[in-house]
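K.L.:
Fold the following and give me the result.
(one chain, ligands or ions: 2)
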Amino acid sequence: MTSRVQFPRECQLVVFGVGGVGKSALKLQFVQNHFMTTEYDPTVDEAYIKQCIIDDEVVRLNVNEEYGNMYRERLMRMGEGFLIVYSITSRASFGEISSFHQQILRVRDQAAFPVIVVANKCDLERERQGRKLAKRLGCIFIEASAKEHTNVDEVFTNLVREIRRLNKEQASERQAMASGVGSGGQDVTRRWSGCVVL
Ligand SMILES: Nc1nc2c(ncn2[C@@H]2O[C@H](COP(=O)(O)OP(=O)(O)OP(=O)(O)O)[C@@H](O)[C@H]2O)c(=O)[nH]1
Ligand SMILES: [Mg+2]
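P.N.:
Ligands and ions are numbered 1, 2, ... in the order given. Here you go, the predicted structure:
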């Protein structure tokens, strides 16, 4: 009898957001469990990978961060799920969320994609306007503090769940198409995270 070793699936996640919102801090807190106290050096070529069990399934999360806007399209093409981070202390950072979201949908040519809007630095002040926007964009909304390790794991866990949910939806859609459901004059309707695409 042969036993088959199963390697965990690797999942590419990308963190977007304007400068200083805490992208590196979230990444470091999630992967290494500490809050960065010194300036993070983006030129250090280090992979940020964490193996986790989420809903009884093992996954190796590779967390990538955008520096400036170098390779933005490449990262948007590569990612299987995205964090769009703003800081509750910066209105300007909040203003850029929609633009990141639109660029992701355009680059991926999809009506929806696994995205989490993260209101970081929630240790500094309570600010709730992000919830409304995330709802409008059809994204999950989570407040986090990389400093106090609040909701850091929840951010990444929820994003992986979104990826799996969408993959399942698309697989069953493909199955339905292959078995002829939706043909013969019927409308084919695709549903993603609350959006209906005709
Ligand atoms: N109070 C507080 N400070 C934070 C938090 N997250 C990050 N910071 C601080 O915010 C500053 C910027 O954090 P970074 O993680 O470097 O932000 P970034 O988005 O990676 O910035 P760039 O890589 O320059 O675009 C640092 O001084 C962090 O210590 C948080 O949740 N709470
Ligand atoms: Mg950074």
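
K.L.:
Tell me where the model's unsure across the protein.
P.N.:
By pLDDT under 70, the weakly predicted segments of the chain are 1-6, 40-45, 125-129, 181-198.

K.L.:
neighbours around the closest residue to ligand 1 within the chain, how many?
P.N.:
For the chain, the nearest residue to ligand 1 under the criterion CB to the nearest ligand atom is G22, separated by 2.9 Å. From N, CA and C alone the C-beta is placed, and that goes for glycine too. Residue neighbour count, defined by other CB atoms under 10 Å, stands at 25 for G22.

K.L.:
quick one: contacts for it?
P.N.:
The contact partners of G22, taken as CB atoms under 8 Å, 6 or more residues apart in numbering, are V85, S87, N120, K121, A146.

K.L.:
Within reach of ligand 1, which of these are there?
P.N.:
N120, K121, A146 (CB under 6 Å from any ligand atom).

K.L.:
Enumerate the beta-bridge partners assigned to the first one.
P.N.:
The residues paired with N120 through beta bridges, assigned by DSSP bridges, are S87.

K.L.:
quick one: it from A25, how far?
P.N.:
Note on N120: its distance to A25, by CB to CB, to the nearest Å, is 8 Å.

K.L.:
Looking at those two, which is more packed in?
P.N.:
For N120 versus A25, neighbours defined as other CB under 10 Å are more numerous around N120 (31 against 23).

K.L.:
Report the contact partners of that one.
P.N.:
Residues near N120 by CB under 8 Å, 6+ apart: 17, 21-22, 25-26, 85-88, 143-146.

K.L.:
Now with 10 Å, please.
P.N.:
The neighbourhood of N120, defined by CB atoms under 10 Å, 6 or more residues apart in numbering, consists of 17, 21-23, 25-26, 83, 85-90, 93, 130, 142-147, 150-152, 155.

K.L.:
Just to be sure, which of those are found in helices?
P.N.:
Residues of the contacts of N120 located in helices (DSSP state H): K23, A25, L26, S93, G130, V152, V155.

K.L.:
How about the contacts made by the last one?
P.N.:
Contacts of V155 were listed using CB under 10 Å, 6+ apart, and they are 13, 15, 26, 29-30, 83, 85, 116-118, 120, 140, 142-144, 146.

K.L.:
Same question for the second one.
P.N.:
When contacts are counted by CB under 10 Å, 6+ apart, A25 is found next to 34-37, 40, 85, 120-121, 144-147, 152.

K.L.:
again, but for the fifth one
P.N.:
Remark: with contacts taken as CB under 10 Å, 6+ apart, G130 is in contact with 84, 86, 88, 94, 97, 117-120, 122, 139, 141-143.

K.L.:
Ligand 2: which of those residues is nearest?
P.N.:
Proximity of the contacts of G130 to ligand 2, judged by CB to the ion, is greatest for N120, which lies at 11.7 Å.

K.L.:
can you count the residues close to the spatially closest residue to Q29 that is not a sequence neighbour?
P.N.:
Leaving out its chain neighbours, the residue that sits closest to Q29 by CB to CB, 6 or more residues apart in numbering is A146, at 4.4 Å. When counting by other CB under 10 Å, one arrives at 28 neighbours for A146.

K.L.:
What's the separation between A146 and V21?
P.N.:
A146 sits 10 Å away from V21, going by CB to CB.

K.L.:
Alright, I will stop here.
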